[in-house]
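Chemist: sequence and predicted structure below; questions after.
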Amino acid sequence: MKNTISLFLLLIATQAQAIPTFAKLLELNNSIVVVNVDFPDGSSGTGTGVVVSKEYVATDCHVIANTLGANISKYDDTYKPIAFKADWKHDLCLLKFEELPFTPVPLRDSQTLQYEEDVFSISYPNGTSVPQPSYGSVKAMHRLDSSVIIRSDAAFSLGSSGGGLFDEKYNLIGITTFKSPGPQGFFYSLPVEWIKKLMKEPNTKSLKTLDIPFWAMPFEQKPYFMKVVIPYQNKEWDTLKSISDLWIKEEPNSSDAWYFLGLASQGKKDLKAAKEAFSKAEKINPRHADAMMGLAEIAESEKDLAALQNIQKKVNQLNTSLAEVILNKLDKLK
């Protein structure tokens, strides 16, 4: 009863952005578990896991890597896995059980998502006893190894690793995994396609590994979508432009590569180049609301009322909160 009340209060506190109903949150709660681990030094830790079938719980490998063992808990009951599957490179692991008494979540391929689609995450951040929801939308989808890494603004924190990212119809669309450093963190989730693929792979013999996940690699080996973050946060516009140029050369049809080139050009006060880059991003992906916001800022600086009105109409179909920001810009110009 205490857990139910806590979840209810949290739902009330965030009801302005709420996607799931209270009843659906309670239902999904049955599919989100705590992953418990013990380390060689005698300490212990926790993460989150998602029940993806009657025998598998998905989590991030960095939750269980190099531990003495792992189990899951739910409603004061503990369940010990009989085997593990690991994709260390992608930081995705599966805990295998005889049969779990929990309802598996439905799976939706991550590549079918769209920018600005409403999403929410559920996990156990900071050792909480009740899974916590966080609400947002899809901000980017970065191609990587036959699928996509999802960036959303549904924030998560320590302990949320291995949590579930869901769409409006309560399908699992990703596993919450890592965030970028800095105050304006970007939040990334692993795709469902990798879960399906890992289910078919053989069990791993040990939780010990020297492998490093792609997102923790040295800077030079990180994907471009990660390389641009720190220069962007630090307003290192020349560096951001150089990385964006290389990204575009390798992926000319990446709307996000063009978007970050637009940000770099805007930071360098080259508004003509910024407008061209933002427009290219929008042309490639008509749902790229952030690129439209970049164009809106330029239109505001140029006092182009007609352009702002046009952008506001398009953004309003994707993200009403961002559309309100543009309306404020329009009011200032009128």
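Modeler: Structure's in. What do you need?

Chemist: for the stretch 1-150 of the chain, just list every one of the helices.
Modeler: Listed in chain order, the helices found in the stretch 1-150 of the chain under DSSP state H, counting those that start in this stretch are 2-13, 22-29, 61-64.

Chemist: where among those is average confidence lowest?
Modeler: Note on the helices of the stretch 1-150 of the chain: lowest mean pLDDT is at helix 2-13, with a mean of 40.

Chemist: the longest strand along the chain: partners in the sheet, and parallel or antiparallel?
Modeler: Longest strand of the chain, by residue count under DSSP state E: strand 132-144. The pairing partners recorded for strand 132-144 under DSSP bridges are strand 118-123 (antiparallel), strand 147-152 (antiparallel).

Chemist: domain map for the protein?
Modeler: The record assigns the chain these domain ranges, following the TED database: 30-96, 110-199, 223-333.

Chemist: strands of the protein, start to end?
Modeler: 32-38, 44-51, 56-60, 69-74, 77-79, 83-87, 92-96, 118-123, 132-144, 147-152, 163-167, 172-179, 187-191.

Chemist: what's the neighbour count on the nearest residue to Q184 once chain neighbours are set aside?
Modeler: In space, not counting the residues next to it along the chain, Q184 is nearest to Q233; the distance is 5.8 Å by Cβ to Cβ, 6 or more residues apart in numbering. Every C-beta, even on glycine, is put in place using the N, C-alpha and C of the backbone. With neighbours defined by other Cβ atoms under 10 Å, the count for Q233 comes to 16.

Chemist: which residues touch Q233?
Modeler: 180, 182-184 (Cβ atoms under 8 Å, 6 or more residues apart in numbering).

Chemist: again, 10 Å this time
Modeler: 180-186, 240 (Cβ atoms under 10 Å, 6 or more residues apart in numbering).

Chemist: same thing with F39?
Modeler: Under the criterion of Cβ under 10 Å, 6+ apart, the neighbours of F39 are 45, 66-68.

Chemist: run the last query once more with 6 Å
Modeler: Applying Cβ atoms under 6 Å, 6 or more residues apart in numbering to F39 gives the contacts T67.

Chemist: so what does it look like in phi/psi?
Modeler: Here the main-chain torsion angles of F39 (degrees, to the nearest 10) amount to phi -100, psi 160.

Chemist: from I243, how far out is it?
Modeler: When distances are taken as Cβ to Cβ, to the nearest Å, F39 and I243 turn out to be 36 Å apart.

Chemist: and what of G69?
Modeler: Note on G69: its distance to I243, by Cβ to Cβ, is 41 Å.
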